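1. Generate coordinates for the sequence data below:
(2 chains)
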Number of protein chains: 2
Amino acid sequence: MPRSSSPPPPKRARLNDSPHDHHNPNGGGSKPNTDGRMRDLPPLSLSILGVEPLDEFIKEIADFIHHMIMTRPDIVGNIEVEAKVGILRDKMSGQRIMLPVLVESIIAPDSIDCRFESNMSVNQHKHYNTLLNGLKTASSQPSHPASPLEYHHLYLVDSFYTSEDREKVRVTRDEKTGTVTECMRKIRLGDLNIYSPKRAADWRVSVNLEVPVQHPLGSPTHTRRKDRMSYSHEEFNIDLTQVTSTTSPGAPAQILHELEIEIARSEILLATAAARGDVNLPEHERSAFDELIRAFVNNARILVRNSSDGWQ
Amino acid sequence: MPRSSSPPPPKRARLNDSPHDHHNPNGGGSKPNTDGRMRDLPPLSLSILGVEPLDEFIKEIADFIHHMIMTRPDIVGNIEVEAKVGILRDKMSGQRIMLPVLVESIIAPDSIDCRFESNMSVNQHKHYNTLLNGLKTASSQPSHPASPLEYHHLYLVDSFYTSEDREKVRVTRDEKTGTVTECMRKIRLGDLNIYSPKRAADWRVSVNLEVPVQHPLGSPTHTRRKDRMSYSHEEFNIDLTQVTSTTSPGAPAQILHELEIEIARSEILLATAAARGDVNLPEHERSAFDELIRAFVNNARILVRNSSDGWQ
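-> Numbering: from 1, shown residues only, chains lettered A, B, ... in the order given. Got it, this is the predicted structure:
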């Protein structure tokens, strides 16, 4: 029996769907032969099965995130799933890696000696800011096909502490009020690197477990200031952040420009991951995790593909 | 302004779309917490732009085929676009190539020293025959989401001649009647190899120019017999062929099992390629080429992914 990741859509009515075509002054009139042949073309099905085949790329990322969630340590905490936009660099040369493939590819873990640099130029950062502001405005129009984006400008200070058992703890404060907004230990569960040879940037998907902890004693080992423009859209936050790091009072500050998208609600991730593929649940519940990851990957791809020019 | 390869679809109503969910005896009742959280999840847009991002993989293949067509030699002939299912082998070791990527990837031309072997085991061939016969039967049911498949069993004999100017000419005859069905010179325009690490097979897209010629004089250099099960679906032919090659009367015959899908009508390829992206034409005419290639790639992917097990 035919199976697929999505329900059978109707055929795409591709040609002859406008009653005006035969008299179109801009098209067929000047190219009678070409146009005449194209009119022979009936609507095409999406495939011999009538549906789009499963997207192997999105399924691989969904399988990875699902595996990280289901095999996580038995510690109470929040699951963080994020995609960062940056550059995959060869550890030896420092140059962007090159693989013999033409389009976006998921790199096999531990196969290439590279590091991910979560950084971009000031101009690139500004470019994204302009695009996201434009999208925020456009998305508030009734004609926009998706929900509107929300926007918050955050000023945060992270202080890092090394606890007695050598775990790293991050304390986040609102810069203006000094209020502690988060105090937690981050456990890295896994990463997947995505090489994107057609674009100016690569990306990385990370899954972490964020465990709330007591405020540590002693002094922080280093601090960083985050000037963050945070755009939220449905289940996702897109954070465009200027990070100023200080390791010691005398050392010069390091400034990085980061772009990341994260899945906003850990409880939704956990609930949909637990329901994934459960045959006792209705189809829309057991596929909710894959739909969430599909939108996550779509959004990450849109961000990476717009590392220059307009939205595409 | 938001742009995309496809028109804005409606949001996917993902959860809470059934009035019976709250009383579903198989789902929510036994998992109140998980289910309760999932009910908080509103319908998701496909992305921040409201649409699926462009499929970079399909666009790359469409760009390649389009380039081959538009830069073809100025000789009257038919354009053949086909995808063959087989194995990419390292030229030195003969082993299937390995690249450090997790999913289907288009290999950069001339980057890897490999050859494509258009062959499969007898069992694999039989497996495809069973699947395609099943699909043919299923596709004739009114509930099937795509058009029905047609089927023809062909017995053909190809004879190859080398002409005086050293061009290779192929004469194809119907084995039963001896009638010449084709007499042509095939000019290879280009190939793209697709590595498919999750599947038992890789694939290759080829673009050729088939030029009708006079029947050559002299004797053929070699012949091959083709026992072909040909399934046609809309604009595509799927050919499952057992090829028996004979190079000389004394030599043992070589038997290969091939699977390929080709775009059936050269004139449609030429007409849609010429119209691609022409802003003077209506949108559905200028996108007809990309829609044709999308269905072609979808079908090739479905074939490759079913190199074992059932349709998926």
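2. Contact residues of the stretch 101-250 of chain A facing chain B?
-> Proximity of the stretch 101-250 of chain A to chain B is confined to A:101-108, A:111-112, A:135, A:138-139, A:144-147, A:149, A:195, A:198, A:233-236, A:238 under the rule C-beta under 8 Å from any C-beta of the partner chain. To be clear about C-beta, it is placed using only N, CA and C from the backbone, and glycine gets the same treatment.
3. repeat that for 6 Å
-> With C-beta under 6 Å from any C-beta of the partner chain as the criterion, the stretch 101-250 of chain A meets chain B at residues A:101-108, A:111-112, A:145-147, A:233-234.
4. and which of those residues is nearest B:Glu117?
-> For these, the closest approach to B:Glu117 (C-beta to C-beta) belongs to A:Val101, at 20.3 Å.
5. Select the longest strand from chain A.
-> The strand of greatest length in chain A, counted in residues with DSSP state E as the criterion, is given as strand A:180-195.
6. Check which residues of that strand are buried.
-> Neighbour counts over strand A:180-195 (16 or more other C-beta atoms under 10 Å in any protein chain shown) mark A:183-187, A:189, A:192-195 as buried.
7. Helices of chain A, residue ranges please.
-> Read by DSSP state H, chain A holds these helices, from start to end of the chain: A:32-38, A:56-70, A:122-139, A:266-275, A:283-286, A:288-305.
8. A:Glu210: which of those helices is closest?
-> Of all those, helix A:266-275 sits nearest to A:Glu210, with 7.9 Å by C-beta to C-beta.
9. And A:Asp278, how far from A:Leu156?
-> Relative to A:Leu156, A:Asp278 is positioned 38 Å away (C-beta to C-beta, to the nearest Å).
10. and if you look at A:Arg166?
-> With distances taken as C-beta to C-beta, A:Arg166 is found 25 Å from A:Leu156.
11. Kindly report the same for A:Thr247.
-> Using C-beta to C-beta, one obtains 18 Å as the distance from A:Thr247 to A:Leu156.
12. Between the two, tell me which one has more neighbours.
-> Neighbour count, other C-beta atoms under 10 Å in any protein chain shown: between A:Thr247 and A:Leu156, A:Leu156 has more, with 18 against 14.
13. follow-up on the earlier one: adjacent strands (with direction) for the longest strand of chain A?
-> strand A:105-106 (antiparallel), strand A:168-174 (antiparallel), strand A:202-212 (antiparallel) (DSSP bridges).
14. Wait, A:Pro148 touches A:Thr137, no?
-> No: contact criterion C-beta atoms under 6 Å: A:Pro148 and A:Thr137 do not qualify, at 9.4 Å.
15. Comparing those two, which residue is more hemmed in?
-> Just comparing A:Pro148 and A:Thr137: by other C-beta under 10 Å the higher neighbour count belongs to A:Pro148, 16 against 12.
16. Quick one: residues contacting A:Pro252.
-> By C-beta atoms under 6 Å, 6 or more residues apart in numbering or on different chains, the contact set of A:Pro252 is empty.
17. go on, A:Glu60?
-> If you count contacts by C-beta under 6 Å, 6+ apart, A:Glu60 has them with A:106, B:102-103.
18. ok, the closest residue to A:Ala288 other than its chain neighbours - how many residues close by?
-> Excluding its sequence neighbours, the residue lying closest to A:Ala288 (C-beta to C-beta, 6 or more residues apart in numbering or on different chains) is A:Thr272, at 4.3 Å. Residue crowding around A:Thr272 was assessed by other C-beta under 10 Å; the count is 29.
19. gap between A:Ile269 and A:Cys114?
-> Just so we're on the same page, residue A:269 is Leu rather than Ile. Distance of A:Leu269 to A:Cys114, given as C-beta to C-beta: 27 Å.
20. Just the pLDDT at A:Ala253, thanks.
-> Reading off the per-residue confidence, A:Ala253 sits at a pLDDT of 89.
21. just checking, it touches A:Thr246?
-> Yes: with contact taken as C-beta under 6 Å, A:Ala253 and A:Thr246 are classed as touching, separated by 5.2 Å.
22. Compare the two and say which one has the larger neighbour count.
-> Neighbours were counted for A:Ala253 and for A:Thr246 using other C-beta under 10 Å; A:Thr246 has more, 15 against 11.
23. Let me see the contact set for that one.
-> The contact partners of A:Thr246, by C-beta under 6 Å, 6+ apart, come to A:223, A:253.
24. from the middle of its chain, how far away would stretch A:70-85 be?
-> Put simply, stretch A:70-85 sits 15 Å off its chain's centre (C-alpha atoms, centre = their mean, to the nearest Å).
25. hang on, A:Phe289 packs against A:Gly277?
-> No: with the criterion set as C-beta under 6 Å, A:Phe289 and A:Gly277 do not qualify as a contacting pair; they are 8.5 Å apart.
26. the more surrounded of those two?
-> More crowded of A:Phe289 and A:Gly277, by other C-beta under 10 Å: A:Phe289, with 24 against 10.
27. contacts for stretch A:223-239?
-> So stretch A:223-239 is in contact with A:132, A:147, A:149-159, A:240-246, A:260-262, A:264, A:299, B:44, B:48, going by C-beta under 6 Å, 6+ apart.
28. Compute the inter-axis angle for the longest strand of chain A and helix A:56-70.
-> Here strand A:180-195 runs at 140 degrees with respect to helix A:56-70, directions being taken by axes from the mean of the first three to the mean of the last three C-alpha atoms, to 10 degrees.
29. any idea of the angle strand A:180-195 forms with helix A:288-305?
-> Our comparison of strand A:180-195 with helix A:288-305, counting by the same axes, to 10 degrees, yields an angle of 80 degrees.
30. got a list of contacts for strand A:180-195?
-> Outside of strand A:180-195, the residues within contact range by C-beta under 6 Å, 6+ apart are A:64, A:68, A:72, A:88, A:99, A:105-107, A:167, A:169, A:171-174, A:202-213, A:215.
31. How far off centre is stretch A:50-59?
-> Stretch A:50-59 sits 19 Å away from the centroid of its parent chain (C-alpha atoms, centre = their mean).
32. Let me fix that, I meant to ask about stretch A:52-72.
-> 14 Å.
33. Next: stretch A:167-180.
-> Relative to the chain's own centre, stretch A:167-180 is displaced by 25 Å; criterion: C-alpha atoms, centre = their mean.
34. For it, could you pull out the residues that count as buried?
-> Taking 16+ other C-beta under 10 Å as the neighbour-count basis, stretch A:167-180 is seen to contain the buried residues A:169-173.
35. same thing with stretch A:226-239?
-> Neighbour count says stretch A:226-239 has A:226-229, A:231-239 buried, by 16+ other C-beta under 10 Å.
36. just stretch A:115-127 next, same as before
-> Within stretch A:115-127, the residues that count as buried by 16+ other C-beta under 10 Å are A:116-120, A:124-125, A:127.
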